[in-house]
Each structure stands twice: as C-alpha cells, then as structure tokens.
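Asks: predicted model and sequence follow; I will ask about them next.
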Amino acid sequence: MPAKKHLVGAHYGLADWLAQRVTAVIMVLYTLLALGVIAWHGGLDHAAWRALFAHQGFRVATFLFVAALLYHAWVGMRNISMDYVKPLAVRLPLQAAIVAALVAYAGWTIGILWGHP
C-alpha cells in the first residue's frame, strides 16, 4: 500500500463548509425571531425594546446570534487570508488582529447584554 501524501495547507474543507451553514442557520433563525417579535408588537419603541432585553432568554438568544456571527466571520476571514495573503509574516499578524477584534466584539456584546443599565 503506498504511503499517504500530505498536502500543504490547512484544508479545513468540510468542517468550514458545515460551520458556515450552521452559523448561517442560527443567524437566520434569530433574525426571524426578532422580526416576529417586532411584527407581533407592531413595531418596538424604546420601552418595549428594553422590556424585550430584560428577558434572560432573549439575551441568551442574542448572544448566540452574535457568537454565530463572529465564528462565521472568523471562518470566512481565515479562509480569505489563507487564500490571498501568501507571505506568512503578513498573514499571521493579520489573523491575530482579526481574532483580537472578534474577541473584543464578543466582550463588548457581553457588556451590552449583561452590563449595568
């Protein structure tokens, strides 16, 4: 039996494809939920919006949406940088900056959702 040849590169393939689809479905479901809530209430004023986010379940759903969005963005940006930014000395700092920004966005989201009013 011939030895396996190792290909150069990450080759995430199926895992990336599946991650993009799953996160997209999560984002669509949340968007439909938010649109449904707005339609149910005939629009939302500031008081209704604050009351909606007073519910822990909606906060958790919103955080899951943002987490899915951030992971979706990471997979896409990682793949784009791996495909188009060839010099490793440029790609690694770029990817580190992307990760830092996404982590900051996650922290910002937590602060907004569970911070003090």
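Replies: Arrived safely.

Asks: would you map the helices across this protein?
Replies: 14-41, 46-54, 56-84, 88-114 (DSSP state H).

Asks: what angle do helix 46-54 and the last one make with each other?
Replies: Pointing back at helix 88-114 there. 110 degrees (axes from the mean of the first three to the mean of the last three C-alpha atoms, to 10 degrees).

Asks: what's the burial count for residue 105?
Replies: Residues lying near residue 105 (other C-beta atoms under 10 Å) number 14. From N, CA and C alone the C-beta is placed, and that goes for glycine too.

Asks: pretty sure it sits against residue 67.
Replies: No: Residue 105 lies out of contact with residue 67 (C-beta atoms under 8 Å); the separation is 10.1 Å.

Asks: on that earlier part again, now the helices of the chain in JSON lines, with mean pLDDT?
Replies: Listed next are the helices of the chain as JSON lines, based on pLDDT from 0 to 100:
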{"stretch": "helix 14-41", "mean pLDDT": "95"}
{"stretch": "helix 46-54", "mean pLDDT": "91"}
{"stretch": "helix 56-84", "mean pLDDT": "97"}
{"stretch": "helix 88-114", "mean pLDDT": "97"}
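
Asks: let me know which of those helices is tucked in deepest.
Replies: Comparing these by mean neighbour count (mean count of other C-beta atoms under 10 Å), helix 56-84 ranks first with a mean of 15.

Asks: centre of the chain to that helix, how far?
Replies: 1 Å (C-alpha atoms, centre = their mean, to the nearest Å).

Asks: which other helices and strands contact it?
Replies: When contacts are defined as 3 or more C-beta pairs under 8 Å, 6 or more residues apart in numbering; DSSP states H and E, helix 56-84 packs onto helix 14-41, helix 46-54, helix 88-114.

Asks: how about the ones you listed, which one is nearest residue 63?
Replies: For residue 63, the closest of these is helix 88-114, at 5.9 Å, according to C-beta to C-beta.

Asks: what is the closest one packed up against?
Replies: Counting contacts by 3+ C-beta pairs under 8 Å, 6+ apart, helix 88-114 is packed against helix 56-84.
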